[in-house]
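1. Output the structure for:
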Amino acid sequence: MKKLLSLVLALAMLLSLSVPAMAETVTLKVWGSQEDQALLTTLIDFFKAANPDKTWDITLGVVGEPDAKTRYLEDPAAAADVFAFANDQLIDLVNADALYEVTRNKEAIVAANSAGSVESATLDGVLYGYPMTADNGYFLYYDKSVLSEEDVQTLDGILAKANAAGKKVLMDVSNGWYVASFFLGAGCTLSLDADGNQVCDFNNEKGVAAGEAIRAFCADPAFMTGDDSVIQGGMGDTICAAVTGAWNAEALQAKLGDNYAACKLPTFTCGGEQVQMGSFIGTKLIGVNTQSAYPVEAMMLAEFLTNEAAQAKRFEVRELGPSNVNVAATEEVKANVALAALSAQSAYGTSQKLVLGTYWTPAEAFGLAMENKSTDDMKTLLDSMVAQITGK
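-> A predicted model of the protein is given here:
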C-alpha cells in the first residue's frame, strides 16, 4: 500500500511539473464608441498576444464617450470594467465612486502624455483616468470651392457667401457643447464654487448679447442644424461649412477631396463688435470601474489601450489627436489639417472638466428654443437656463 501511495504521489508531482495548472479566466467588458469597435478589437487582440500568461475573455459593448457616465450610473455593477469617457464627466464619476485611482505605472503614464491631458484626468491631485486623446474639441470645416480663407474669418462673411451660393452653414446649436461657443467667446464663464457646485454667468450683460447673436445666427437663411450624419451627408453638397471635431475628419476629407479645409472658429458680431468664438476643449479618457472583479487586469488593459503604440494606431485609423507626446510630435500628426485647426482654436478654449452634468440639458433646451426661432425675452430665457444649471 505504501509503495502504491508513493507511486501515486510521485505521479501527481510529475504531472504538476509537466502540465501547467489550469489558468483562471480573466473576464473583462470594454465600452467604446461604435466608430472604435474595429480598432478596439485589433488592440485587444494585440493585448492578449502580449499577455499570454493569462486566459482572457474580453467582450466589447457599444457605449460612446458622451454616454459613458449615464450608462454607468444606471447600473454600476453591470457597467464595463474598462470604458472610455469624455473628461467633463470626471467629477461626476469620481463623486459616484466609479473610477479606480491610477496607481500602476503612474509616473510613466504621466510622463508619456501631455500635461494638459494629465490635468484633465486629475482631481484633487489624484489621477483617475488614462489619457487617450487630446482632441475633444471642435473647429470649422469648410468647402474651399465656396469659401475663401478670408471668408471664414468671420461668421458674417461665411453666412453672406453661403447665402450667395445657396449653401448652408451647420452648427448644432441645440447641443450644449457647441452653443457655449458664443457665451464663452463673449467672456462668460462656467466654474465651480468652493463646495463643488456649478457656477454659470451666461445670463449677465455679456450673455444676453451672446444670446442675441445666437438668435440672429439661427434666423439666418443659411443656418442649418444637425448631427454628424447630417454633416457627413451634406458637406460638399448643400453644406459649405460645419462646426464639428476631428472624429469627422476622415469622412469630410473623403467628401470634399481637394476642397477640404479646416480652421479655427470664426469671430461673430456681439453687441456691435467682432468677438472670437470660444469653445470647450478636453480629452477622452479611459477609466477602470471600481466594481471590476479584476481591477489589476483591467488597469493593464486600460494602460495598453492608451499607450504610445495604441495612440499611434488610433491616429492612423481614425485621425484622432494623440495625448501621447511622442505621437503628437510626429510629422504625420503635425501635418494633419483638422488637428492644426483644433490647435489654433485651443487658444480660445475653456476646459470642460469644470462642467457638471447639470449644464447640458438646460443648455440644450435654450439652443433648441433658438433653433425654433423663439422670440421670448432673452434675459428671461437665460435666467431660466442658469437657474436650472446652478440649481438656484
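2. which residues sit against stretch 119-129?
-> 85, 87, 90-91, 93-94, 99-102, 106, 109-110, 118, 130-131, 282-283, 285-287, 351, 353 (Cβ atoms under 8 Å, 6 or more residues apart in numbering). Placement of C-beta: from N, CA and C, glycine included.
3. how long is that stretch end to end?
-> Taking Cα to Cα, to the nearest Å, the span from the opening residue of stretch 119-129 to its closing residue is 10 Å.
4. Retrieve the pLDDT associated with the nearest residue to residue 121 once chain neighbours are set aside.
-> Distance criterion Cβ to Cβ, 6 or more residues apart in numbering; nearest residue to residue 121, sequence neighbours excluded, is residue 129 at 3.7 Å. In the prediction, the pLDDT value recorded for residue 129 is 97.
5. ok, now residue 7?
-> The confidence metric pLDDT takes the value 43 at residue 7.
6. One more: residue 354?
-> Listed pLDDT for residue 354 reads 86.
7. where's it relative to residue 91, distance?
-> According to Cβ to Cβ, to the nearest Å, residue 354 stands 8 Å off from residue 91.
8. Mutual contacts of these two, please.
-> Common contacts of residue 354 and residue 91, defined by Cβ under 8 Å, 6+ apart, comprise residue 192.
9. So between those two, which is more surrounded?
-> More neighbours surround residue 91 than the other of residue 354 and residue 91, with 21 against 17 (other Cβ atoms under 10 Å).
10. quick one: residue 392 and residue 93, what's the gap?
-> Distance of residue 392 to residue 93, given as Cβ to Cβ: 24 Å.
11. Of the contacts of stretch 119-129, which count as buried by neighbour count?
-> Neighbour-count burial (16 or more other Cβ atoms under 10 Å) is assigned, among the contacts of stretch 119-129, to 85, 87, 90-91, 93-94, 99-100, 102, 109-110, 118, 130-131, 282-283, 285-287, 351, 353.
12. Return the subset of these lying in strands.
-> Secondary structure assignment (DSSP state E) places 85, 130, 131, 282, 283, 285, 286, 287, 351 from these within strands.
13. which ones are touching the fourth one?
-> Contacts were defined as Cβ under 8 Å, 6+ apart; by that measure residue 282 touches 86, 87, 88, 120, 136, 137, 351, 352, 353.
14. mind running it again at 10 Å?
-> With contacts defined as Cβ atoms under 10 Å, 6 or more residues apart in numbering, residue 282 is in contact with 65, 86-90, 116-117, 120, 133-137, 177, 349-353, 355.
15. coming back round to it: compute the number of surrounding residues for the residue nearest to residue 121.
-> When counting by other Cβ under 10 Å, one arrives at 31 neighbours for residue 129.
16. quick one, helices of the stretch 151-300 of the chain?
-> Under the criterion DSSP state H, counting those that start in this stretch, the stretch 151-300 of the chain contains helices at 155-165, 176-186, 205-219, 228-234, 249-256, 295-305.
17. Counting by contacts, list what the longest one packs against.
-> So the one you mean is helix 205-219. helix 155-165, helix 176-186, strand 223-224, strand 267-270, strand 273-276, helix 360-371, helix 378-390 (3 or more Cβ pairs under 10 Å, 6 or more residues apart in numbering; DSSP states H and E).
18. ok, now the first one?
-> Helix 155-165 makes packing contacts with strand 139-143, strand 168-170, helix 205-219, strand 223-224, strand 239-244, strand 267-270, strand 273-276 when contacts are defined by 3+ Cβ pairs under 10 Å, 6+ apart.
19. Save these as CSV, and put in distance to residue 382, mean neighbour count and mean pLDDT too.
-> Output for the helices and strands packed on helix 155-165, formatted as CSV (distance: least, Cβ to Cβ, whole Å; neighbours: other Cβ atoms under 10 Å; pLDDT from 0 to 100):
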stretch, distance to residue 382, mean neighbour count, mean pLDDT
strand 139-143, 25, 25, 98
strand 168-170, 24, 24, 98
helix 205-219, 6, 20, 98
strand 223-224, 20, 20, 98
strand 239-244, 21, 26, 98
strand 267-270, 14, 20, 98
strand 273-276, 17, 16, 97
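20. Of all those, which one comes closest to residue 301?
-> With Cβ to Cβ, the closest approach to residue 301 among these belongs to strand 239-244: 29.9 Å.
21. May I ask you to confirm that residue 43 belongs to a helix?
-> Yes - judged by DSSP: H, G, I helix; E, B strand; the rest coil, residue 43 forms part of a helix.
22. how near is it to residue 52?
-> Going from residue 43 to residue 52 by Cβ to Cβ gives 16 Å.
23. What of residue 273?
-> 63 Å.
24. any idea how far residue 118 is from residue 134?
-> From residue 134 to residue 118 the distance is 10 Å (Cβ to Cβ).
25. joint contacts of those two?
-> When contacts are counted by Cβ under 10 Å, 6+ apart, residue 134 and residue 118 have 283, 323 as shared neighbours.
26. in this structure, which ranges drop under the pLDDT threshold?
-> 1-23 (pLDDT under 70).
27. Same list (the ones in strands among the buried ones among the contacts of stretch 119-129) but as a markdown table, adding distance to residue 147.
-> Output for these, formatted as a markdown table (distance: Cβ to Cβ, whole Å):
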| residue | distance to residue 147 |
| --- | --- |
| 85 | 35 |
| 130 | 39 |
| 131 | 34 |
| 282 | 27 |
| 283 | 30 |
| 285 | 35 |
| 286 | 37 |
| 287 | 40 |
| 351 | 30 |
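28. Nearest to residue 56, out of those: which one, please.
-> Within those, distances to residue 56 taken as Cβ to Cβ reach their minimum at residue 286, with 17.1 Å.
29. what sits against the closest one?
-> Shown in contact with residue 286 (Cβ under 10 Å, 6+ apart): 30-32, 65, 68, 82-85, 102, 121, 129-132, 298, 301-306, 310.
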